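Asks: Sharing a sequence plus its predicted fold:
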Amino acid sequence: MPFLILFLHVVAAIAALALASRSRAVAVFVAAVAPAGAAVWGLVALLDPTTTRSSSFVWVEGLQLGFDFELSPIAALLTLAIGAIGTLIVIYAHGYFAHPEPTLGRFLATLTIFGASMLGLVWADSVWTLFLFWEATSVTSFLLVGHKNANANARIAARRALMITGAGGLVLLAGMMVLIDATGTHRLSEMAPTTGTTATIAAVLLLVAAATKSALVPAHVWLPGAMAAPTPVSAYLHSATMVKAGVILVAVVSPVLGGTDTFRVLSMTLGALTMFWGAIGALRQRDAKLILAWGTVSQLGFLVLLFGIGTAKATFAGVAVLAAHAVFKAGLFMVVGEVDVRTGTRDIDELGGLARSMPITATIAALCGLSMAGVPPLLGFPAKEAAVEAALGLAGTERLIIGGAIIAGSVLTVAYTTHFVLGVFGPSRNGTATTVSPGRAALMVPAAILACISILGWIFDGTTSKPITRAAAALNAKADVYQLINWPGATQAFFVSVAIVIVGAILGAARSRAQLRVPATIGANAADTALDQTLVLARRITARMQHGSLPVYVLTMAFVVAAVSIIFVQPALEAVGDMTVADSPGQLALALATVLAAWGCTQVDSRIGAALALGVVGLAVTGLFVVHGAPDLVLTQLLVETVIVVGFVIGLGRLRRSFPETGARWRQVRAAVAGLCAAGVAAALIAAEGAASSATAPPTERLVAEAVDEGGGNNIVNVILTDVRALDTFGEIVVLAVAALGVVALGRPALVTPKTPISPPTREEVRA
Amino acid sequence: MTTETLIGLLVALPIAAAGLALALRTLPRARDVVTIAALAAETALAGVLLARTINDGTTAVRLGGWAPDLGIVLIADLFAALVLLVAIATILVVEVFALGQRRTPWGANPELTGPLLLVLTSGVALSMLTGDLFTLFVAFELILVASYVLLTHRSEAAQVRSGMSYVVMNLFASALFLIGVAVVYRSTGTVNMALLAERLPELDEPVRVGIGLWFLVVFGTKAAAFPLFSWLPDSYPTAPTTVTAVFAGLLTKVGVYVLVRFHTLTGMETLQPVILVVAAATMLVGVAGALAHNDVKRILSFHIVSQIGYMLMGLGLFSVAGIAGAVIFFVHHIPVKTVLFLTGGLIEEETGTSRLSDNGGLAMRRPFLAVLFAIPALSLAGLPPFSGFVAKFALIDAGIDARSIPIVVVALAVSALTLLSMVKIWMGVFWGAPPRGPAPPATEPRRRLLVGATSIGVAATLVIASLAGPLWNLSERAANELLEPTAYINEVLGSVTP
Amino acid sequence: MSLALVIAIAGLVGFGVHLITARSLSRVVLGFALLGHGAVLALLGSGGPAGEPPLADRAPVGELANPLPQALALTAIVISFGLTLFLLALARRQHELTGDDLVEDDLEDRAISALAEAEALRGHHDD
Amino acid sequence: MISVHSPIVAVGVRAVTPLAVIVAAYLFFAGHNQPGGGFAAGLVLGAVLSLRTVAGLYEPVNGSKLMAAGIMVAAAIALIPAAIGGGMLDMVVWSGELPLLGKVKTGTAAIFDLGVVLIVVGLVDSVLDGLGTDDIAIEPVTGEAR
């Protein structure tokens, strides 16, 4: 079934891409079918918890790579959320994009694939599957954030999002590998709780990964930037998907790693910090969408904090907040998108009188906002209530710190909610009402549905809490005793909640009136600067490593040879005493002549002189061949030498006669390295001489005998060349032929370059 | 056909076809038919060889029936057969692309490309199949001379200038290769690699290690490993797309291939730390260069260097998992890199330049091209579920198994940076506003051929990803054979014929 | 291999390397010719001491020089011959194009270096 | 074109030509038993070509046809044994009596060597064509043309 649903998504994406230019309605319908299917499946699974649904597909058995899916109750709950909100988003997008929108097909296709990646992520049971879909959401969200890529800001934001979440993915991979090492299995469902150093390392790595994806401080900077995406994307990204990935990761590994102090302390600290920083960020904004985005950051911190606590009650509260957040946050973003589309602005300083001109939208916003603030009669209330209870249920200092953090964070949440609702729908600063274009049903209906769900979720709290309890119990078995309570009565937690709402509302109202300074974007700038500095650093390294100067490259290589040869020095020193000075006096004389002539080559200033010196070297070497007993080499060398010297003269004879001068210091470096290289070669050869033994003597006698018998010739060298090692000769002559082709090509470019169009056809030509 | 004949054919057939294609150089149709037919036949032969090797194991051929200590031995084991098939199939795809690109300023000259690609093919086959160190030198020269001419044959200023770097560095390496052969022959009395596998380990430690290092330098230069990589990013981008694509996919890989072959066969585990350091440095400088430059072909060229580091990492671990990782990296990387350069060529076809600053907005105009680029680019960055992920994952897994944490960290970081540089290309070429000025689109029929060839290549990378399971099994088998080369040695030496 | 031969080889390699690091391509060609000679001599010397020419009917087998390295050296000579010619053609073409046969630096690399230097300077000012 | 259009040179070169061809033939046939062989023979023939070019008696043409022929001959020798059931590069030896030369042993190795000759001659021809031209001034620089 998971495969079928994923396949359905892929098909839907392709179909939407293909159909969008022909029939918009059909494309939208097709794109909505896939997530709707997923939602239905999630719902069915939630209603019937008795059967576990798992399926696997082995990809690379030897590496234990594969697609392993398991639909646990928590996954089913998320599937329902992802699928249902995804469906609503597609409908919403239909209303959001102005007619006609050429990129709609691309948008719907990417959105569908993104949804599929998210589904895969929540179903993943093996760590590889998790990683795969994790990175898939990174890549698809990159495309979604950068959808309006003609805009430079969108491109930068997309890059920031991809690099932070993508790099986080690699950390996840590393962390998971360590975790496998610690637990001995790659199946998440089979991992036993573990502690120790390995577990601590895994905990740190996994929390870093979760922080990147779920926008925890300080990796939160990509999330507000992702607002560059079209609003349907923001609604989807911020509610049910993407940003929840990290939270889910924390929730899933919490039973395994919760035993390590590092995991608990780190996740709670990160969560609390993020909750505050996000809420403060939200209070700073004047852009309605950014208020919500920062609000998401805060909520994510809240969730990580809850899952980090690790008690059954906290886990239950976490799942409840997760579900409630998915519903109200999607609704709120849809509202912002509608406001944006109908008024042309999202700046709360410019908006005014919308409560009157857009009453339905305002109602939806108020409902979703109240749910976010944790006010009855909405789903957010029992969820928040559970969280407060969980905090109060702790003991000792933990109760003080965590309880305080959650309460303070909740106050701020109420504050920015008030700030948002009043800012967007309240009277404007200058008292004028904003002009509003006519509403569209497709924009309003999905948000209205979500608002209704928030209410219904509260009313039928019994029905709502069943799947939430089951999901929480999947993470922490002890959680199955808890349920949502829509009206708790006069409990301690209730009074705390009331206080939270009152204080928060006052704060928010005050904030909304106040004129504060411009929102800080330090974090985002820092991230971009870091990326740009990476590029600068890369340029510096490259400038140092890649000078573009060939002599430097060659010299580097010669130096490496010299360095490598150091190892030969010691055996060479041992062997050198046993070596014969020369096989014959003639050899010694010719060897010295060779060196002398080679030196001459470097000293002669004119090209003709150099060619002559080269000829002398050739002759001396030929002499060495003679005394070594290699007549074939002699003959060949003489002929070759002649051609080369002649070639040197006729090929370069017309050039300027003297060689250009180079700097003295550079010359010294060259001479030194060349000398070292020569010494290295000598050491290598001498060491080899020392290593030679009679046991490895070449089978000359057999070779000679067989050459005469089977090769049919007395000149052994020739037999080797044309028979024994004919393949070498075969290769060698092909090399010659190709080199000759190259000579012609270089010498006669006119023959080689195509005669017909040398320049590309111009536009006019193509049109004609 | 016996497997022995098959191995011989793989080396000689392309040469014969090259001769024919050269003879027919002025008859375009016949010449192209010969080239394509020969490459197709070669691909088929390589396929058969792989199938046979999987079933029957390693096969050696003694050319002319001469004993292995006298004559030349060609030998096909799993590693050779696997990499060879991928390499040759890649060349075939590029040749199809070349047919489409000929009449443009970026196209290679058809009269030479066909024969030279065939020579190159033969060189690649020979270097992978040879069991003889000196024949390996000849094979290298075959590849190199063909590449020299392919690189410079249009004799434009940039090509001649960069050709210098390429030719000079490689000629130097070739001279060092010969000196290395001399050292080896003097100390062991043979150039047969199977015999070397027996005799080199018997040498004194410093000499043995010295020989290992020496060939690390020689093969490292061909492979563009740190610090001997600089010639590559200077020269490759200047060649016609077709040529660069082949170079990118194959040449450096032959260097690494031989390094893996030689160093595993002669048991050079002692060099492990050196190779790992070189691997890490190669990854880092390569990716730094890719991030620094602003031209698609340059960026991709630096990535060749960077990715070489991963293969070296596999070798450096000297474990079955590591070497198997390197083997599957070969299989993934050859087509992916080639296809990336082909898409680079398509970009050039569209806009007339591969500079990022002169490109933009291509995703809107050519969405299919964007997809063709994105798939291999993500694969290169090692994102799942593409082929690069399996390869990189295998290497990282092997690294963790071997507790070589620093190299694992570098490998992961370089993965992220690779992604950043791919994003850079994506944002420069496919996103943003289209560049101003005339952007002459290619004519349709030719474009179809170009896009077709590239699509086949991209599809091939996807096939590799989907077949990763069996491929991994083969890679593991190949790695076992490489680390435990008794079968190889026995097959070559067997009963020495009188 | 005798010491004399080693000296000859080392000399050829040393002067060869010195020449190939020159800016002038004619010198580079010269350098390669020397390197080639060095490599061929090394191959020849790797077969052991000097001996009689390896012609089967001229001298007893025991006195013959090792023929195998000679064959290898011959192949090496021919290959380096072809490549030297190619290098000559390259140098010549470079002269045609630029009016000189100097090896030029890579322009793109220089551009990156210049950029990096400029950035480094700017960084200094900022500090 | 590098040519010395002097009648004396021309006569000299004409006279040398047959001699050099004989030398080349000797080197080729003796190669299997004496120093020599295809490569040397080819270079001697190549020397004749270059002399004739210098003397203005010969216009270098593109030698790629000769080289192509050489490659195909060598490849045929490599492949034919494989095609008829042997192994690649299996060489066959024939021996027999010939007038003037006496007992001669020859075989497919000699044909292989002939391929070498063809390639070397083609190479010299190509190199004369490529290096020896002097049309720098009129040549369009294609790199800048676009």
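Replies: Great, that's in hand.

Asks: Surely A:Phe57 is in a helix?
Replies: No - assignment of A:Phe57 by DSSP: H, G, I helix; E, B strand; the rest coil gives strand, placing it outside any helix.

Asks: Tell me how many other residues crowd A:Met191.
Replies: For A:Met191, the neighbour count with other Cβ atoms under 10 Å in any protein chain shown is 20. Placement of C-beta: from N, CA and C, glycine included.

Asks: That one and D:Ala76, how far apart?
Replies: 66 Å (Cβ to Cβ, to the nearest Å).

Asks: Let me see the mean pLDDT of stretch A:385-398.
Replies: For stretch A:385-398, the mean per-residue pLDDT is 86.

Asks: mind listing what's buried in it?
Replies: A:Glu385, A:Ala386, A:Ala387, A:Val388, A:Glu389, A:Ala390, A:Ala391, A:Leu392, A:Gly393, A:Leu394 (16 or more other Cβ atoms under 10 Å in any protein chain shown).

Asks: where's the first one, which helix or strand?
Replies: A:Glu385 is part of helix A:380-392, with elements assigned from DSSP states H and E.

Asks: Distance from that helix to the middle of the chain?
Replies: Computed by Cα atoms, centre = their mean, to the nearest Å, the chain-centroid distance of helix A:380-392 equals 36 Å.

Asks: got the angle between the next helix or strand after it and helix A:380-392?
Replies: With elements assigned by DSSP H and E, the helix or strand that comes after helix A:380-392 is helix A:396-425. Put simply, helix A:396-425 runs at 160 degrees to helix A:380-392, going by axes from the mean of the first three to the mean of the last three Cα atoms, to 10 degrees.

Asks: counting contacts, what elements does helix A:396-425 pack onto?
Replies: Counting contacts by 3 or more Cβ pairs under 8 Å, 6 or more residues apart in numbering or on different chains; DSSP states H and E, helix A:396-425 is packed against helix A:261-284, helix A:288-309, helix A:312-343, helix A:354-357, helix A:359-373, helix A:380-392, helix A:492-513.

Asks: Starting from B:Glu476, give me the distance back to the residue nearest the centre of chain A.
Replies: In chain A, the C-alpha nearest the mean C-alpha coordinate belongs to A:Gly166, at 2.5 Å (Cα atoms, centre = their mean). In this structure, A:Gly166 and B:Glu476 are 29 Å apart, going by Cβ to Cβ.

Asks: Low-confidence bits of the chain, can you list those?
Replies: No chain specified, so I'll use chain A. A:49-52, A:429-431, A:515-523, A:651-662, A:694-697, A:749-768 (pLDDT under 70).

Asks: other chain: chain C
Replies: In the predicted model of chain C, residues C:101, C:123-127 satisfy pLDDT under 70.

Asks: Check whether stretch A:728-739 comes near chain B.
Replies: Yes - using Cβ under 8 Å from any Cβ of the partner chain, stretch A:728-739 reaches chain B at A:Asp728, A:Phe730, A:Gly731, A:Glu732, A:Val734, A:Val735, A:Ala737, A:Val738, A:Ala739.

Asks: Now intersect those residues with the strands, please.
Replies: Using DSSP state E, the subset of the residues of stretch A:728-739 next to chain B located in strands is empty.

Asks: Of those residues, which is the nearest to chain C?
Replies: Distance to chain C, by Cβ to the nearest Cβ, is smallest for A:Ala739 among the residues of stretch A:728-739 next to chain B, at 3.6 Å.

Asks: What values do phi and psi take at B:Leu203?
Replies: phi -70, psi 160 (degrees, to the nearest 10).

Asks: need the contact list for the residue nearest to it when sequence neighbours are not counted.
Replies: Once flanking residues are discounted, B:Leu203 sits nearest to A:Ala691: 5.2 Å by Cβ to Cβ, 6 or more residues apart in numbering or on different chains. Residues in contact with A:Ala691 (Cβ atoms under 8 Å, 6 or more residues apart in numbering or on different chains) are A:Pro571, A:Ala575, B:Arg186, B:Ser187, B:Thr188, B:Leu203, B:Asp204, B:Val207.

Asks: okay but the fifth one is in contact with B:Arg208, surely?
Replies: When you say that, I think you mean B:Thr188. No - with contact defined as Cβ atoms under 8 Å, B:Thr188 does not count as touching B:Arg208 (10.0 Å).

Asks: The two: who's more crowded?
Replies: When B:Thr188 and B:Arg208 are compared on other Cβ under 10 Å, the one with more neighbours turns out to be B:Thr188, at 28 against 22.

Asks: if I look at the more buried one, how far off is B:Ile211?
Replies: 9 Å.

Asks: joint contacts of those two?
Replies: Contacts common to B:Thr188 and B:Ile211, judged by Cβ under 8 Å, 6+ apart, are B:Leu200, B:Leu203.

Asks: Contacts only, for residue 122.
Replies: You didn't say which chain, so I picked chain A. Applying Cβ under 8 Å, 6+ apart, the residues contacting A:Val122 are A:Ile74, A:Ala75, A:Leu78, A:Thr79, A:Ile82, A:Ile248.

Asks: meant chain D actually
Replies: A:Ala737, A:Ala740, D:Gly63, D:Ser64, D:Lys65, D:Leu66, D:Met67, D:Ala68, D:Ala69, D:Gly70.

Asks: Just give me how far the host helix or strand of it sits from the chain centre.
Replies: Here D:Gly122 sits within helix D:108-131, counting by DSSP H and E. Distance of helix D:108-131 from the chain centroid (Cα atoms, centre = their mean) equals 4 Å.

Asks: Stretch A:183-191 too?
Replies: From the chain centre to the centre of stretch A:183-191 is a distance of 25 Å (Cα atoms, centre = their mean).

Asks: does any bit of that stretch sit next to chain B?
Replies: No - applying Cβ under 8 Å from any Cβ, one finds stretch A:183-191 separated from chain B by no less than 10.8 Å.

Asks: other SSEs contacting the helix or strand harbouring A:Gly457?
Replies: Assigned by DSSP H and E, A:Gly457 belongs to helix A:441-459. Helices and strands touching helix A:441-459, as assessed by 3+ Cβ pairs under 8 Å, 6+ apart, comprise helix A:73-96, helix A:312-343, helix A:359-373, helix A:380-392.

Asks: now the helices for chain D?
Replies: Per DSSP state H, chain D carries helices over the ranges D:7-30, D:38-54, D:64-83, D:108-131, D:142-145.

Asks: right, so those helices: which one is the most enclosed?
Replies: helix D:108-131 (a mean of 26; mean count of other Cβ atoms under 10 Å in any protein chain shown).

Asks: tell me the angle that helix makes with helix D:7-30.
Replies: Using the same axes, to 10 degrees: helix D:108-131 against helix D:7-30 is 150 degrees.

Asks: For burial, what's the neighbour tally of residue 78?
Replies: This is for chain A. Using other Cβ under 10 Å, A:Leu78 is surrounded by 27 other residues.

Asks: switch to chain C, that's the one I care about
Replies: By the criterion of other Cβ under 10 Å, C:Val78 has 23 neighbours.

Asks: what separates the residue most central in space within chain B from chain C, distance-wise?
Replies: By Cα atoms, centre = their mean, chain B has its centre lying nearest to B:Leu250, at 2.4 Å. Remark: distance between B:Leu250 and chain C (Cβ to the nearest Cβ, to the nearest Å) = 20 Å.

Asks: follow-up on the earlier one: which ones are touching the residue nearest to the centre of chain A?
Replies: A:Glu135, A:Ser138, A:Val139, A:Phe142, B:Leu383, B:Ala416, B:Leu419.

Asks: What strand or helix carries it?
Replies: helix A:152-183.

Asks: What are the buried residues along that helix?
Replies: Within helix A:152-183, the residues that count as buried by 16+ other Cβ under 10 Å are A:154-180, A:182-183.

Asks: returning to that earlier point: return the list of helices and strands in contact with the helix holding A:Glu385.
Replies: Where contact means 3+ Cβ pairs under 8 Å, 6+ apart, helix A:380-392 is packed against helix A:288-309, helix A:312-343, helix A:359-373, helix A:396-425, helix A:441-459, helix A:492-513.

Asks: Centre-most residue in chain C?
Replies: By Cα atoms, centre = their mean, the most central residue of chain C is C:Phe32, 3.2 Å off.
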